[in-house]
Structures are given as C-alpha cells and as structure tokens.
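K.L.:
Whatever this is, show me its structure:
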Amino acid sequence: GEVPTNRCAVAFVFPGQGSQRAGMLTNLIAELPEAAQACREADAAMLALGHPPFTRIVGPDAAELGVDVWKTQVAMLLADYVVYRSLDSLGLAPDVVAGHSYCEYPALVAAGAWSITDAIRCTRHRAGAIAEVPGLEGCMAATNAPPALIEESIALLGGAVYLANYNAPEQTVISGRRKDVESVMAWLKQAGHSVAKLNVPYPFHSPLMRPSVDRLASTLLDIPLRASEVPVIGTASCRPMTRPKEFVRSLLDQFVTPVNYPAVLAQLIEFHPALVVEVGPQQVLTKLNWLNHKGGGPVFMAADNPRRPGAAALLGVLAQADCLGCLHREVSTPPPQPRTPREGRILVIDATERRREKMRQSSLAPAREATQPPEDDNESRSRKETSTDEIRQQPSAPVQESPRAVLPLEQPPPDDAPAAADAD
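P.N.:
Numbering: from 1, shown residues only. Below you'll find the model as predicted:
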C-alpha cells in the first residue's frame with residue numbers, strides 16, 4: 001500500500017445506495033470507449049450468473065431502483081465499477097480506497113481483494129439475507145438537526161429509531177421502523193429543521209438488521225477474498241484494512257454499525273493524497289468531502305456530474321490528475337487519421353477593405369437618403385451581387401487536422417448542502 005515516490009497519491013471513494021438514478025452513466029458509456037468496455041465486462045459477469053445486464057437495470061427496470069434492494073445495490077456496484085475501470089484504463093489508479101457503506105463492495109474490487117463476479121455474487125446473497133428476514137421493514141431519513149437534538153427527540157418519542165449515518169456536521173441520517181422514523185421526522189420539522197426521507201427500503205445501520213448479519217456470515221465463508229493491493233478504509237471500523245479476515249468482519253458489521261463518514265475521510269487523508277476522486281454516479285461524497293474538510297489539502301473531484309452528462313467530468317479528473325502528477329502510467333492515444341484532401345476553393349475575403357467600404361457608405365447614407373428616392377427590390381439585389389467582386393478565389397491547399405487535446409475543466413465549489421445523502 002505504499003505510494004510510489006515518483007508521483008502523488010490518489011484516493012478513490014465509492015458512493016453508496018442513495019446515489020442511484022435512472023439512466024445513470026448512459027452518456028458516459030456512449031461517449032467513452034473505455035467506459036463501454038467496462039460496461040461490457042460488467043454485463044458479461046451479470047449474464048454469466050444469470051442476472052440481467054446493467055443497461056437493463058438502469059434502463060427499462062429503473063423504476064425498481066430504490067425499491068428493490070438487490071437491483072438498487074447491484075446497480076450501484078456496477079456503476080461504480082464502470083467509472084473505476086474507465087479511470088484505471090486511462091492511467092489513474094488508487095493508492096487507498098474507501099466505500100460508503102454497501103459500496104465497500106466496489107472499493108474491494110478496486111483494491112484487488114475480489115473480482116467483480118464475486119462482488120456480484122455476494123451482493124445477491126446480501127440482498128437475500130435482508131429479504132428473508134420475516135417482518136423486516138423500515139426506512140431512513142436525512143436531517144440537518146444536530147445529533148444531540150435527534151437523540152433528545154428519540155428519547156421523548158420512543159420507538160425503534162437510531163442514528164445511522166454521521167455524514168457531515170449538518171447532515172445526519174436516522175434509521176428505524178417506518179412509523180417511528182416518521183414521528184421523529186415530524187418532531188424535527190416542528191423544531192425548525194429540514195428532514196427528507198431517503199430512497200432506501202430498509203433500516204440499514206441499525207440493530208434491526210442483526211438477523212441479516214447472521215444469514216450473510218455463512219455465505220462470506222464461500223466467497224474468495226484475498227489480501228488487497230492497496231489499503232481499504234473500513235466503513236464500520238474507520239481503520240485501514242488489507243487482510244481477508246478484516247474485510248469479512250467489516251462487511252458484516254456495516255449492517256448494524258453507524259457510518260461515521262468524517263472519520264473515514266480523516267483516515268483517508270492520513271495517506272496524504274493529492275487528489276480524492278468520487279468514483280461513481282453523482283457528487284454526493286464530493287460535497288460531503290468539502291463539508292468535512294474545508295481547510296487545505298487534497299483536491300476533491302467527482303468523475304460524474306449529472307449537469308454535464310457524458311465524459312466531461314471524468315476527463316476533467318484525468319486532466320487534474322495529470323497536472324498534479326498522479327497518473328500511474330502514460331496512456332498512449334492513437335494519432336488522429338488525416339483527412340483525405342478534397343478538391344475545392346478557398347474564398348479569401350478582404351475584411352479590412354469591406355469595413356472601409358461600409359464606413360464610406362454609412363457616411364454617405366444621410367445625404368443619399370435626402371437626395372435619392374428609395375430603390376426597389378431589384379436594384380437592392382443587384383447592388384449586393386456586385387459586392388462579391390471583393391472576394392478572390394485561390395487554389396486550395398491540403399487541409400490538415402490538428403491533434404486532439406483534452407482541456408482541464410474547472411472544479412466549481414459544491415452547494416452549501418448536499419442534495420442527497422448516501423445511506424447504505
């Protein structure tokens with residue numbers, strides 16, 4: 001996990017459930033060959049296991065995102081994977097990784113701890129371990145109320161409600177039984193705080209998920225995990241991990257342990273990365289990074305921006321990485337093929353002479369209008385036709401195409417508060 005001395009360190013953070021959206025990464029896959037190849041890899045892994053491809057889950061079946069836990073989580077796994085493989089193919093690899101809750105799964109793929117196929121298999125078992133628990137129901141909600149006030153409301157109202165995610169100083173997520181969470185939401189709104197229910201179908205990171213831990217534990221024994229090539233910051237422990245036993249413990253603990261994202265980020269920054277990249281759809285973690293670390297240090301960027309669809313955001317990350325000296329290898333781009341010269345004419349316009357003539361005509365216009373009757377349409381057309389005498393024709397030279405260049409893109413500061421919250 002040591003960073004080579006000839007370049008700056010890079011950290012990858014993988015957004016979790018809550019960042020999904022219908023049609024995510026469609027334009028990126030259409031525009032960037034490396035993303036299209038990564039999508040084919042993901043689809044092949046899904047089809048080999050008997051599951052629908054990524055493009056179907058986020059396309060025709062997108063209405064089930066946020067409702068069906070299996071489709072929601074595997075969609076996030078594959079989306080994060082597509083962005084990760086695109087960056088890696090273009091020369092940017094991580095020196096340390098972290099995933100927000102469930103998306104520790106793609107973080108382990110990026111760290112070399114397991115394959116995308118095994119991550120899909122474990123995700124399917126994870127979803128089954130949740131769905132098989134009788135009577136398990138609940139929801140999650142994000143609020144800007146301080147944790148102490150949330151705990152006060154829970155103590156007053158009672159019920160099965162828990163602090164689930166400490167995302168930022170002004171964003172905390174609660175989890176629990178639906179009716180109990182809704183009671184706390186109403187109390188916090190009455191106290192003047194904003195509260196929003198998240199698009200998450202279960203009470204993750206709460207004691208209510210304990211039965212699912214027991215069901216998943218036996219499955220993880222059959223999933224081949226190996227020592228990682230780079231450190232993984234655990235969602236539950238907030239500590240670096242590199243060994244398979246640590247990964248198994250973390251994947252189980254994240255069901256019932258609150259996420260302390262500021263602590264995860266602080267541990268990540270201990271590796272002194274020059275660049276921290278959000279690797280997946282949207283910009284939820286990038287906004288949280290800015291809120292949690294407002295001082296100097298790493299550059300925080302997201303590889304996806306819904307307001308700038310396509311490859312622009314990802315190429316902007318690569319441009320910034322190149323400027324910082326973070327690329328782990330040079331990527332050779334095939335030179336553009338020159339166009340075959342075509343026969344034709346180049347029209348050369350003497351713009352200076354035309355401006356002088358226009359100024360002369362303007363200066364004479366008042367006197368002309370006073371002494372001459374208005375000309376008819378035929379006369380006007382004739383005058384325009386004779387003005388083309390100023391255009392000279394010359395033989396053409398072969399046209400050569402200039403090489404393609406990627407320009408660095410500006411990184412705007414985030415909004416004052418995140419538009420969404422990652423939950424699981």
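K.L.:
Mind checking which residue lies nearest the centre of the chain?
P.N.:
residue 281 (3.1 Å; CA atoms, centre = their mean).
K.L.:
didn't it look like it was pressed against residue 81?
P.N.:
No - here residue 281 does not reach residue 81: they are 11.5 Å apart, not a contact under CB atoms under 8 Å. C-betas here are computed from N, CA, C, even on glycine.
K.L.:
all helices for the stretch 251-400 of the chain, in order.
P.N.:
261-269, 284-292, 312-324, 351-371, 377-386 (DSSP state H, counting those that start in this stretch).
K.L.:
Likewise for the stretch 1-150 of the chain?
P.N.:
Under DSSP H, counting those that start in this stretch, the stretch 1-150 of the chain gives helices at 26-31, 33-48, 54-57, 69-89, 104-110, 116-131, 147-157.
K.L.:
Just give me the lowest mean pLDDT stretch among the helices of the stretch 251-400 of the chain.
P.N.:
Here the lowest mean pLDDT among the helices of the stretch 251-400 of the chain goes to helix 377-386, at a mean of 47.
K.L.:
just how off-centre is the longest strand anywhere in the chain within its chain?
P.N.:
Taking DSSP state E as the assignment, the strand of the chain that covers the most residues is strand 161-168. Mean C-alpha position of strand 161-168 versus that of the full chain (CA atoms, centre = their mean, to the nearest Å) differs by 22 Å.
K.L.:
So what are the sheet partners of that strand and their directions?
P.N.:
Paired strands of strand 161-168, with direction, are strand 171-176 (antiparallel), strand 259-260 (parallel) (DSSP bridges).
K.L.:
Touching the first one from outside, list them.
P.N.:
If I follow you right, that is strand 171-176. 138-147, 150, 154, 159-167, 181, 184, 198, 203-206, 208, 259, 288, 291, 417-418, 421, 423 (CB atoms under 8 Å, 6 or more residues apart in numbering).
K.L.:
Which elements pack onto the helix or strand following that strand?
P.N.:
Scanning forward in sequence from strand 171-176 by DSSP states H and E, the next helix or strand is helix 178-190. Secondary-structure packing of helix 178-190 (3 or more CB pairs under 8 Å, 6 or more residues apart in numbering; DSSP states H and E): strand 139-143, helix 147-157, strand 161-168, strand 171-176, strand 195-197.
K.L.:
Quick one: closest of those to residue 224.
P.N.:
strand 161-168 (30.1 Å; CB to CB).
K.L.:
Give the rounded mean pLDDT of the closest one.
P.N.:
Rounded mean pLDDT across strand 161-168 is 96.
K.L.:
how much does that strand deviate in direction from helix 178-190?
P.N.:
Relative orientation of strand 161-168 versus helix 178-190 (axes from the mean of the first three to the mean of the last three CA atoms, to 10 degrees): 50 degrees.
K.L.:
which residues touch strand 161-168?
P.N.:
101, 140, 142, 147, 150-151, 154, 171-177, 180-181, 183-184, 203-208, 258-263, 288, 291-292, 418, 421-423.
K.L.:
Please pick the buried ones from the residues you listed.
P.N.:
101, 140, 142, 150, 154, 171-177, 180-181, 183-184, 203-206, 208, 258-262, 288, 291-292, 418, 421-423 (16 or more other CB atoms under 10 Å).
K.L.:
circling back: how about TSV for the helices of the stretch 1-150 of the chain, with mean pLDDT added?
P.N.:
Supplementary listing: the helices of the stretch 1-150 of the chain in TSV, determined by pLDDT from 0 to 100:
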stretch	mean pLDDT
helix 26-31	95
helix 33-48	97
helix 54-57	94
helix 69-89	96
helix 104-110	98
helix 116-131	96
helix 147-157	96
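K.L.:
Tabulate the ones you listed (TSV), appending distance to residue 317.
P.N.:
Below are these laid out as TSV (distance: least, CB to CB, whole Å):
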stretch	distance to residue 317
helix 26-31	12
helix 33-48	13
helix 54-57	21
helix 69-89	7
helix 104-110	15
helix 116-131	21
helix 147-157	33
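K.L.:
Need the winner for burial among these.
P.N.:
Ranked by mean neighbour count under mean count of other CB atoms under 10 Å, these are led by helix 104-110, which reaches a mean of 27.
K.L.:
what's the closest of the helices and strands packed on helix 178-190 to residue 129?
P.N.:
strand 171-176 (17.1 Å).
K.L.:
still on that earlier bit, closest to residue 328 out of the strands paired with strand 161-168?
P.N.:
Among those, strand 259-260 comes nearest to residue 328, with 29.2 Å by CB to CB.
K.L.:
Let me see the residues that make contact with the closest one.
P.N.:
Residues contacting strand 259-260 (CB under 8 Å, 6+ apart): 100-101, 164-167, 173, 205, 235-236, 238.
K.L.:
hmm, try it at 6 Å
P.N.:
101, 165-166, 205, 235, 238 (CB atoms under 6 Å, 6 or more residues apart in numbering).
K.L.:
quick one: which of these is nearest to residue 245?
P.N.:
residue 235 (16.1 Å).
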